[in-house]
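**Student:** Below is the sequence, then the predicted model.
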There are 2 protein chains.
Amino acid sequence: MIDARLITLRVFARCGTIGATAELTGYSPSAVSAQLRELQRVLGMQLLTKDGRGVRLTATGRFLVAGSDALIAQWESLRAVAMEAGDQVQPRLGLGGFSSAAAQLLAPLAATLRSTRPQLEVQVLEADPARCFDLLVAERIDLAVIVAMQSDTYGEDDPRFEQRVLLDDPLDVIVPADHPLASRETATLEELASEPWITEAAGSTYHSLFTAAFTAVGLTPRIAHEAVEWETHIAFVGAGLGIGLLPRLAPLHGAENVVRLRITGKARPTRRIVVAARRGSLASPLIQESIDILQANANRILTARLEEDL
Amino acid sequence: MIDARLITLRVFARCGTIGATAELTGYSPSAVSAQLRELQRVLGMQLLTKDGRGVRLTATGRFLVAGSDALIAQWESLRAVAMEAGDQVQPRLGLGGFSSAAAQLLAPLAATLRSTRPQLEVQVLEADPARCFDLLVAERIDLAVIVAMQSDTYGEDDPRFEQRVLLDDPLDVIVPADHPLASRETATLEELASEPWITEAAGSTYHSLFTAAFTAVGLTPRIAHEAVEWETHIAFVGAGLGIGLLPRLAPLHGAENVVRLRITGKARPTRRIVVAARRGSLASPLIQESIDILQANANRILTARLEEDL
DNA sequence: TCGATCATGCACTAATTCTGCAGGGTTATC
DNA sequence: GATAACCCTGCAGAATTAGTGCATGATCGA
């Protein structure tokens, strides 16, 4: 209901280049360029200035984008409450999430919604957390399941989003099957500190989790290799290159030469998985129901783990 | 920036029929029909139901319209503040007002703006107060100069509008040139109560002013004739059909056979002339400047009258 | 200086949106 | 109870708008 061009401007405000905005919104770069030019014409405001080979928001543009947060939230809220009041049906729902979330939480959600609301068009996009926020702003998705980041660009009080905790997913350690600890069920970080480690690149979410966990016990382990996908981590570990952390939600896919151990002791790294939505949209019955389903699935996973641990 | 279809829905909420909405917004009836159908499709809400030969808002529709007041106001405010912050220029300004206001206040304003902001496209629409509010909602105009109505559909606290008093325009009495009182400068309502009167139709603004003024002094004069335009009032009076009220702002146009007298005494009917804008838009520099010019013109008129009265 | 990166303008095309008219249903009038 | 008046809607066609893909120009880093 808010002009698509304003949404485009908001996406641009986040990624800074026309090209990235185009990729994120699904338009071509020329379309984005034309939209923003048109927006400036209609509003009679100069929102962009040339900056090197790119463009940059003017002060007015930044102001407008900042102020539009409340506008978007108000619209989302209005729509949501109207939906609830009128018992109406939303025609489309976009979901986003990173790989293991997409597999373990979003897929069941989509399946449930498919059966309970057959005429609802559900679209699931696998995307990393940062991109999920971008997609939320771009209105490509309505819900995102992400790993909460402690001090990232998106605080919990961001005026654009609202978040709900789904579950705390502990990180296990994976070791080669022929590793001395492989026969154990559990291990402590202290026991593992001297091993060669495989992590994600510095600056990534899991690297931060990794270092935070070890600094909590006063250790700084050696990072031997870096990988992005869990599949790669597992392969590296299986090849004996080192050991690594693996979230409980991430499956081993029956890798024969790798063993997963629970981490015990003082420091137990976990990742917090939350669901995020555009601020104001939580009142929508469809959003609410989806979050409830996600929450139920998360709880099912948690209780299954508890039973498993007994 | 707010979707045009929502604006259309808001206009429909005011006038109740597709045809009137079309006339007010400048679309054809089929376009309005299609827009509202499309709006319902996009939102997944049923906003309208058939009602006899027309259509009617559903509860959801009314809810959405009511809630959109705040949304529109917020957008207007955001745009206005961004305009002010960025020293930008609005490309278009729409002005509306009833006949004498259009002539005496809007025309000078438009002329001033033409010279101070040559590239601004100014459009003036003459329309009665009720229609002015409709046009404000339809975003055809941005400012309306109207007669404040004591207990009309638009209270001063309407969430859609904001109003500023421009001036209180006293009502004079006009009598035929051969009337016994024609040589006088002033008259009281008591002196005039027994005359045959010419007013607007019952229910109109001026009829209300008329009866309110006389009931204040405990009299109920006889209404002999009814007229809509001031021109007609003057012609009726000139023809000796009776006497009538005429706002100070409304010119006699050199009617030779009619004399204008000031009303003195306890009850002096006046009409309050105010300028109205969509709520939130007052912060816009252009709107603000326009109101200032209107106010200055109003004051000029008032001081000119004071000098004239000396 | 060369290549890479970005944005923008242009010609063309696709999609949307509007108009005018015809048609069907509903209310008021005689 | 026929008739007229009124109101909305659907459809074909037209006009406007919006998007794509490529070419161009401008800037930055190597």
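**Tutor:** Great, that's in hand. Residues are numbered from 1 along each chain as shown, chains lettered A, B, ... in the order given.
**Student:** any idea which helix or strand carries A:L135?
**Tutor:** Following DSSP states H and E, one finds A:L135 within helix A:129-137.
**Student:** which other residues reach that helix?
**Tutor:** When contacts are defined by Cβ atoms under 8 Å, 6 or more residues apart in numbering or on different chains, helix A:129-137 is touched by residues A:7, A:10-11, A:14-15, A:24, A:94, A:96-98, A:125, A:127, A:141-142, A:144-147, A:149, A:152-154, A:160-161, A:205, A:276-278. For every residue, glycine as well, the C-beta is placed using N, CA and C.
**Student:** Longest strand in chain A, please.
**Tutor:** Counting residues, the longest strand in chain A under DSSP state E turns out to be strand A:161-176.
**Student:** so what does it touch, helix or strand wise?
**Tutor:** If you count contacts as 3 or more Cβ pairs under 8 Å, 6 or more residues apart in numbering or on different chains; DSSP states H and E, strand A:161-176 packs onto helix A:230-238, strand A:243-247, strand A:258-264, strand A:270-278, helix A:285-309.
**Student:** Just after that strand, pick out the following helix or strand.
**Tutor:** Next element after strand A:161-176 (DSSP H and E): strand A:186-188.
**Student:** what lines up beside that following strand in the sheet?
**Tutor:** Strand pairing for strand A:186-188, determined by DSSP bridges: strand A:258-264 (parallel).
**Student:** Just the buried residues of the strand it pairs with, please?
**Tutor:** Using 16 or more other Cβ atoms under 10 Å in any protein chain shown as the test for burial, strand A:258-264 gives A:V258, A:V259, A:R260, A:L261, A:I263.
**Student:** Please report the distance of the second one from DNA strand D.
**Tutor:** Spelled out, that is A:V259. Separation of A:V259 from DNA strand D (Cβ to the nearest atom of the strand, to the nearest Å): 43 Å.
**Student:** My guess is that residue contacts A:V175. True?
**Tutor:** Yes - using Cβ atoms under 8 Å, A:V259 is in contact with A:V175, at 5.6 Å.
**Student:** hey, what's in contact with both of these two?
**Tutor:** Common neighbours of A:V259 and A:V175 (Cβ under 8 Å, 6+ apart) are A:A182.
**Student:** ok so, going back, what's the angle from the helix holding A:L135 to strand A:161-176?
**Tutor:** Counting by axes from the mean of the first three to the mean of the last three Cα atoms, to 10 degrees, helix A:129-137 lies at 150 degrees to strand A:161-176.
**Student:** which residues touch the helix or strand that helix A:129-137 is followed by?
**Tutor:** Downstream of helix A:129-137, the next assigned helix or strand under DSSP H and E is strand A:143-147. Counting by Cβ under 8 Å, 6+ apart, the neighbours of strand A:143-147 from elsewhere in the structure are A:93-98, A:101-102, A:105-106, A:127, A:129, A:132-133, A:135-136, A:166, A:205, A:271-277, A:287, A:290-291, A:294.
**Student:** and stretch A:198-206, which residues are buried?
**Tutor:** By 16+ other Cβ under 10 Å, the buried positions in stretch A:198-206 come out as A:I198, A:T199, A:E200, A:T205, A:Y206.
**Student:** Just to be sure, the first one is in a strand?
**Tutor:** Yes - secondary structure assignment (DSSP: H, G, I helix; E, B strand; the rest coil) places A:I198 inside a strand.
**Student:** Check the stretch 101-250 of chain A for the residue nearest chain B and tell me.
**Tutor:** Using Cβ to the nearest Cβ, the closest approach of the stretch 101-250 of chain A to chain B is made by A:L120 at 9.4 Å.
**Student:** how many other residues sit next to that residue?
**Tutor:** 16 (other Cβ atoms under 10 Å in any protein chain shown).
**Student:** for it, what are its contacts?
**Tutor:** A:L120 makes contact with A:V89, A:Q90, A:P91, A:R92, A:L93, A:L113, A:R114, A:L286 under the criterion Cβ under 8 Å, 6+ apart.
**Student:** Could you rerun that using 6 Å?
**Tutor:** If a contact means Cβ atoms under 6 Å, 6 or more residues apart in numbering or on different chains, then A:L120 has A:L113 as its contacts.
**Student:** Next up, phi/psi of it, please.
**Tutor:** Main-chain dihedrals, A:L120, degrees, to the nearest 10: phi -80, psi 130.
**Student:** pLDDT score for it?
**Tutor:** We note a pLDDT of 88 for A:L120 in this prediction.
**Student:** Could you do A:A102 as well?
**Tutor:** The model reports A:A102 with a pLDDT of 80.
**Student:** and A:I223, that's in a helix?
**Tutor:** No - using three-state DSSP, the secondary structure at A:I223 is strand, not a helix.
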